[in-house]
Each structure stands twice: as C-alpha cells, then as structure tokens.
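In: how does the following fold in three dimensions:
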Amino acid sequence: MTASIITKKIIAKSLKDLMETESFHKISVSDIMMNCQMRRQTFYYHFQDKYELLGWIYKEETRENITDFIGYEKWENILELLLSYFRHNRLFYRNAFKVVEQNSFNEYLFEHTKNLSLEIINKPKMREELPMGAEEKELLASFYSHGFVGMIQDWIERDCETDQAVMLSLLKKMMKDMLIQR
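Out: Residues are numbered from 1 along each chain as shown. Predicted structure coming up:
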C-alpha cells in the first residue's frame, strides 16, 4: 500500500471515529486532523474538503465490501458481509445517513446494491426463469436496491436491534420470493 493511501486511510479513520459521536456538519477539517495528529495541510494534499473525504470513504468501503466480491462470491454471502460491516460501523453510518446533500451515502449504497441486484437477476438460472428486457431488469434492480437501502437505514437507526441473522434471513427471503413471484 502506498504512503498516500495509508495517509488517506488514517484521515478517513479519524473522520469515522469523530462521526461516531458528532454530526458530520459539526466536524471541521481541523478536528479531523487534530484527532489523527497530523498537520492540517496534509488533509488538503489529499482532499479538497471534508465532503470529498466522506465520498472517498464511501467509495473505498463500498468497493471493499461489495464491488470486489461481485462476480465471484454468492450474493447471499455478500449480504452477510454487508450486514456484519454495517452493524460494526453503525455509529458512523447513523450519522452518514443524515448527510443528504453532496456525497449522500444513500446514493452510493443504492448504486452498488443495484449492481448487486443486476448481478443476481442476470445469473443464468434467473435468465431462464425470468426472461425480461434490459429496461425491466433495471427497474427491478432499482426496486430491490431502494428496499435494501431503506431496510439497512432503518436497521442502523434502530441500533441494529433486530438480530443480524434475522435481518439476513429476511433479506434473502425477500429477494428470492420477489424473483420467484415475478
């Protein structure tokens, strides 16, 4: 890993740590850099502002937890990894869901779960059982993604009080049932 990536990850961890207890809007670049004991100028060498940093966190963590697995891991396993990741990082994401202007986490999660849904819909077995055009597939994937993002947001806002295994079972069942009912 290059020194630049390591520095970005340290700065990102600092913001994530701060967002466990503070709203994103109350955190300044100075707060982030004091927390990780780096100079403020170092931040601007890597990011334009805290919104860019937040977007970088979403992109990196979405890539590490969804994108890198699509194509070679079962979708059920990806869902399980995601739920575990969100439960572990729920304090950060509770505040991240509240950022609705630029770099909205909802948008990032939607796009990546939509890609995961398309991957499921395009599996050879599903193509045989559910012949449909590209536009139908897009609409169906968007529907699943909106449902998934909403359920995850509610789950995180409720401090993950529903057991993770129960959530996973419900999400799997919902996905399978909707595809079969189609």
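In: switch to C-alpha atoms for all contacts and neighbour counts from now on
Out: Noted.
In: give me the most central residue, the protein.
Out: By C-alpha atoms, centre = their mean, the mean C-alpha position of the chain lies nearest to Leu109, the distance being 4.3 Å.
In: distance between the longest helix belonging to the chain and the chain's centre?
Out: Criterion DSSP state H: the longest helix present in the chain is helix 134-157. Distance, stretch centre to chain centre, for helix 134-157: 12 Å (C-alpha atoms, centre = their mean, to the nearest Å).
In: give the buried residues for that helix.
Out: 137, 140-142, 144-149, 152-153, 155-157 (16 or more other C-alpha atoms under 10 Å).
In: and for stretch 42-61?
Out: Buried residues in stretch 42-61 (16+ other C-alpha under 10 Å): 43, 47, 50-51, 53-59.
In: what would the residues you listed look like in a markdown table with pLDDT, secondary structure and distance to Met174?
Out: Shown next, in a markdown table, are those (pLDDT from 0 to 100; DSSP: H, G, I helix; E, B strand; the rest coil; distance: C-alpha to C-alpha, whole Å):
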| residue | pLDDT | secondary structure | distance to Met174 |
| --- | --- | --- | --- |
| Phe43 | 97 | helix | 43 |
| Phe47 | 97 | coil | 40 |
| Lys50 | 95 | helix | 37 |
| Tyr51 | 92 | helix | 34 |
| Leu53 | 95 | helix | 34 |
| Leu54 | 93 | helix | 31 |
| Gly55 | 89 | helix | 30 |
| Trp56 | 93 | helix | 31 |
| Ile57 | 93 | helix | 29 |
| Tyr58 | 87 | helix | 26 |
| Lys59 | 84 | helix | 27 |
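In: kindly reformat those residues as TSV containing distance to Asn122.
Out: Below are the buried residues of stretch 42-61 laid out as TSV (distance: C-alpha to C-alpha, whole Å):
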residue	distance to Asn122
Phe43	42
Phe47	37
Lys50	37
Tyr51	34
Leu53	34
Leu54	32
Gly55	29
Trp56	29
Ile57	29
Tyr58	26
Lys59	24
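In: ok, and what's touching the longest helix of the chain?
Out: 86-87, 90-91, 93-94, 97, 106, 109-111, 113-115, 117-118, 121, 161-162, 171, 175 (C-alpha atoms under 8 Å, 6 or more residues apart in numbering).
In: do stretch 21-41 as well
Out: With C-alpha under 8 Å, 6+ apart, stretch 21-41 has contacts from 10-11, 14-15, 18-19, 43, 49-50, 91, 95-96, 99.
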